[in-house]
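Peer 1: have a look at this fold, sequence not included:
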């Protein structure tokens, strides 16, 4: 059965506008599931003289051996999660020459160090590619074509980038978050224009660094970026009173909630907090988060992790991922109020987001169309609408027209 629906344009609460702009011209492997095709694409489209950044590699489909990497041009290959990076000696030598920081470049191969310094690495990769006004405009057009009118940009790399958005009159529909190092380097005026501070407490499922209470099927239980006391001290020292904290695994989520609870019990004010992703939050922890006034910023697209990462997650964790029905029906989180949705760019767009909301891997991950609109769309449809066809039998969503 098919039905037609019209919904407002989207506000993507977890996007990487600046990163998308920086990597606009990079080789993209996101649609390639065959390793031989990926290698051929890299060999055909990457420069043999310059450093190349390749994006979209999903290691649930294939991995590259050291010998395969060394046959390639100078490449840095991002894991699609944004939390893993492989590169060859040619790229390493060129990066050391360009940035004169051999320690950092070499340490990037250490998964633990990488997660604890992810934002430094991300900004370094953006610097390799550069963010121009033309790239920003093209990225804005790309997002509009996907039904996304406005975004939270979760990693502003510099004040220079902020000024480019303002010059292009795009800052009014972009909410910027900055990591601590970037925030500290901003002018006082720019600090006031930033929504809040972005922190990380764990990694991601791709490189097996999301911090779980139980081990991955092939060993290890992830990486914690902060110890408990270090995280508490960081929260107490923040200049801004609003934070967004990346936490995918249950171990990381529990540490955030426990730390905020302890700060509040000790009589100190806690910052207004969003937990980004919160994929493996359980009911007990969710109830504590609700009482603390925490907002969960989650990605319906990530329900597909229950399919893509069956090679590393137990059945328990596959079923535990993105428990939207529990959060809404049992705990009382309300889409659009303390439960908001975004994409993390994996991928961007209304089609994929709505398909994984209405037709997820598990029924526990299902959202109604009304919940999707409340948590993902703009408040009003004055700016524009998206005309859709929803095919219940094929479990697909078709975009007929985006009107602005």
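Peer 2: It's in. All of these numbers come straight from a predicted model, not from anything done at the bench. Numbering: from 1, shown residues only.

Peer 1: and residue 373, its phi and psi?
Peer 2: The main-chain torsion angles of residue 373 are listed as degrees, to the nearest 10 and equal phi -60, psi -40.

Peer 1: let me see the contact set for residue 74.
Peer 2: Taking Cβ atoms under 8 Å, 6 or more residues apart in numbering as the definition of contact, the neighbours of residue 74 are 46, 47, 48, 50, 51, 52, 88, 90, 91, 93, 94. C-beta: built from backbone N, CA, C; applies to glycine.

Peer 1: what does residue 168 give?
Peer 2: Under the criterion of Cβ under 8 Å, 6+ apart, the contact list for residue 168 reads 133, 136, 137, 140.

Peer 1: which one of those is nearest to residue 4?
Peer 2: Using Cβ to Cβ, residue 140 is the member of those that lies nearest residue 4, at 27.8 Å.

Peer 1: surely that closest one is in contact with residue 170?
Peer 2: Yes. Contact criterion Cβ atoms under 8 Å: residue 140 and residue 170 qualify, at 6.0 Å.

Peer 1: including secondary structure, neighbour count and distance to residue 332, could the contacts of residue 74 go into a markdown table?
Peer 2: Formatted as a markdown table, the entries for the contacts of residue 74 read as follows, by DSSP: H, G, I helix; E, B strand; the rest coil; neighbours: other Cβ atoms under 10 Å; distance: Cβ to Cβ, whole Å:
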| residue | secondary structure | neighbour count | distance to residue 332 |
| --- | --- | --- | --- |
| 46 | coil | 18 | 50 |
| 47 | coil | 10 | 53 |
| 48 | coil | 10 | 57 |
| 50 | coil | 11 | 53 |
| 51 | coil | 22 | 49 |
| 52 | strand | 24 | 48 |
| 88 | coil | 20 | 50 |
| 90 | helix | 17 | 54 |
| 91 | helix | 24 | 49 |
| 93 | helix | 14 | 55 |
| 94 | helix | 19 | 53 |
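
Peer 1: export the residues you listed to JSON lines and tack on pLDDT?
Peer 2: Compiled in JSON lines, the contacts of residue 74 are given as follows (pLDDT from 0 to 100):
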{"residue": "46", "pLDDT": "96"}
{"residue": "47", "pLDDT": "95"}
{"residue": "48", "pLDDT": "95"}
{"residue": "50", "pLDDT": "94"}
{"residue": "51", "pLDDT": "94"}
{"residue": "52", "pLDDT": "95"}
{"residue": "88", "pLDDT": "96"}
{"residue": "90", "pLDDT": "96"}
{"residue": "91", "pLDDT": "96"}
{"residue": "93", "pLDDT": "95"}
{"residue": "94", "pLDDT": "94"}
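
Peer 1: which of the residues you listed sit farthest apart?
Peer 2: Across those, no pair lies farther apart than 46 and 93, at 15.7 Å, counting by Cβ to Cβ.
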